[in-house]
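[1] fold the following and give me the result.
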Amino acid sequence: MNATAESADWRKKYFDTLKSLEGEEQRFYAMEAALKRITGKLCIASLGQSPQLDIEIKKLQGALRGETTGEVLDAFMPTITAAINSLDDPVPTTAKASVIKSQTDFSREPIAGDERVRAILAALLAELKRDSELHKQVEKLDAKLAAPIIDTQLPEVLSTLTELVGQRIQHIEHAKREIEALLSQMVGKLDEISQFIVDQNQHQWQSKASSDSLNTHLTGEMKAMVESVESSQDLQQIRSQVRNRLDTIGKHLQEFQQRETMRGDAIQQRTEQMRTRMAELEAEANRLHDQLKDEQRLASIDVLTKIPNRMAYDRRIEEELQRWHRFAQPTCIAAWDIDYFKKINDTHGHRAGDRVLLTIAKCLAARIRTTDFLARYGGEEFVMILSGTKVVDAMKLIEEMRSAVADLQFHFRGALVSVTISCGITAFQEGDTAEAAFDRADKALYKAKDNGRNQAVGS
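    Next up is the predicted model:
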């Protein structure tokens, strides 16, 4: 492969990598925006605990509304922590009598909207778990959410969560800086490749100029030699003139050979340097490519159930819809929902609910074909895409899965608990969008719920 072709190939790789990095950066920005929104909601939920804490929360809200960094958020930690700690300070003597009864009666009561708050916190923690450096801290905080949150626990939970969010933002900023540095390095190396090509062209031009110069000298010397022989009358003089001309020709040839040897050595050295640089660039690009693939894979997997998540489903359904438009191959969508899941969480706790989700996800995933697709749509909902399957055939498969879930045995605190699942199913229809097809399956699911649950309904 010549230098021009190598440069074109590396430029293509560079722009492909740049496109992937831009997508990754957009995902980072989306994650950062989501973290800001959730933190803002948690701030609103925390207002009213104390005047001092309200002041600090409002300052934090102001920072979150604009562009901010991990360092700026870190600056809020001491004052917010102090305000939260002040909630545990002894009540002034004049106020003790009026609050003792309230503390006695309600200190162990769950906070208002406990279930909603815990759901928001669990969603945020699921995102934070993607950061391997925060995994242990997130698991520790997640364990506290297994039981209802009381007033005295909320400040500590919010303080820990704020710190984790700040660390996550710092890690994202660090990753962005690494990517920017790598891009800068790649641009520099591509500039070196461009300069190498320019130097190669210059060397070729110099080589041609040297050859032309040698040809001119040789032609001139041969012409002068012929003229000297023709004009000379003395044989000895002819010999001397021919010898001088030949010596001059030899000198020109030697100078030409020296120039070409030096130029060849310079080109070889430059080429070896460029090969080394290109090998470094390829190794770095491969490392970045592998890192991006890992990030994309993790971003598409649900943290709890280890199956594809909503984002992966959104991508896949668009692909399947396009394929259906091209080939008109029957394709079905099945929307699943665990029956009475809220009751499981309320009765047996957050951990029990997680166990149910994980077990059912494994049960469904074990029974789909390699061409099918299963994802966790959100909460206790799953969605399935069955390619090349008519509704009548899909219903048979769905019934087998529904029956398999109903046969699962869950034991919570020594008690056997029956868990069932309902399903709504539909097929792609003319004029469908991804949203329209899913809405139709979702309506069929609600019909299955209304009909008594633990059944599948087609639409």
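[2] ok, now which ones touch residue 402?
    Remark: with contacts taken as C-beta atoms under 8 Å, 6 or more residues apart in numbering, residue 402 is in contact with 420-423, 454-456. Any C-beta I mention is one placed from the backbone N, CA and C, and that applies to glycine too.
[3] is it fair to say residue 377 lies in a strand?
    Yes - using DSSP: H, G, I helix; E, B strand; the rest coil, the assignment for residue 377 is a strand.
[4] I'd like the next helix or strand past the helix or strand harbouring residue 246.
    Element membership for residue 246 (DSSP states H and E) is helix 235-299. Using DSSP H and E, the next helix or strand after helix 235-299 towards the C-terminus is helix 310-327.
[5] what lies in contact with that following helix?
    So helix 310-327 is contacted by 299-301, 308, 329, 331, 333, 373, 375-378, 383, 385, 387, 428, 432-434, 437-438 (C-beta under 8 Å, 6+ apart).
[6] so which elements touch the next helix or strand after it?
    Moving toward the C-terminus from helix 310-327, the next helix or strand (DSSP H and E) is strand 331-338. In terms of contacts (3 or more C-beta pairs under 8 Å, 6 or more residues apart in numbering; DSSP states H and E), strand 331-338 is packed against helix 310-327, helix 350-365, strand 381-387, helix 391-406, strand 421-427, helix 434-450.
[7] buried residues in the last one?
    In this case it means helix 434-450. 434, 437-438, 440-442, 444-445, 448-449 (16 or more other C-beta atoms under 10 Å).
[8] on that earlier part again, redo the helices and strands packed on strand 331-338 as a markdown table? Include mean pLDDT and distance to residue 258.
    Compiled in a markdown table, these are given as follows (pLDDT from 0 to 100; distance: least, C-beta to C-beta, whole Å):
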| stretch | mean pLDDT | distance to residue 258 |
| --- | --- | --- |
| helix 310-327 | 90 | 63 |
| helix 350-365 | 92 | 73 |
| strand 381-387 | 95 | 71 |
| helix 391-406 | 95 | 81 |
| strand 421-427 | 97 | 80 |
| helix 434-450 | 95 | 72 |
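[9] tell me the domain boundaries of the chain?
    1-299, 310-458 (automatic domain parsing).
[10] of those, which shows the lowest average pLDDT?
    When the domains of the chain are compared by mean pLDDT, domain 1-299 comes last with a mean of 69.
[11] need the contact list for residue 347.
    residue 412.
[12] okay, now residue 245: neighbour count?
    Around residue 245 there are 19 other residues, counting by other C-beta atoms under 10 Å.
[13] and the gap between it and residue 251?
    11 Å (C-beta to C-beta, to the nearest Å).
[14] what's the answer for residue 301, then?
    With distances taken as C-beta to C-beta, residue 301 is found 75 Å from residue 251.
[15] neighbour count for these two, which is higher?
    The neighbour comparison of residue 301 against residue 251 (other C-beta under 10 Å) goes to residue 301, with 18 against 12.
[16] the more buried one and residue 307 touch, don't they?
    Yes - between residue 301 and residue 307 there is a contact at 7.2 Å, judged by C-beta atoms under 8 Å.
[17] once you drop chain neighbours, what's closest to residue 147?
    Excluding its sequence neighbours, the residue lying closest to residue 147 (C-beta to C-beta, 6 or more residues apart in numbering) is residue 349, at 6.8 Å.
[18] next, the contact list for residue 133, please.
    Residues in contact with residue 133 (C-beta under 8 Å, 6+ apart) are 167, 171.
[19] that one - that's part of a strand, no?
    No - according to three-state DSSP, residue 133 belongs to no strand; its state is helix.
[20] please report phi then psi for the closest residue in space to residue 171 that isn't next to it in sequence.
    Nearest residue to residue 171, sequence neighbours excluded (C-beta to C-beta, 6+ apart): residue 131, at 5.7 Å. Dihedral pair for residue 131: phi -90, psi 110, per degrees, to the nearest 10.
[21] list the residues that contact residue 131.
    Residue 131 neighbours (C-beta under 8 Å, 6+ apart): 138, 167-168, 171.
[22] would you turn these into CSV with neighbour count and secondary structure?
    Listed next are those as CSV, based on neighbours: other C-beta atoms under 10 Å; DSSP: H, G, I helix; E, B strand; the rest coil:
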residue, neighbour count, secondary structure
138, 22, helix
167, 18, helix
168, 22, helix
171, 16, helix
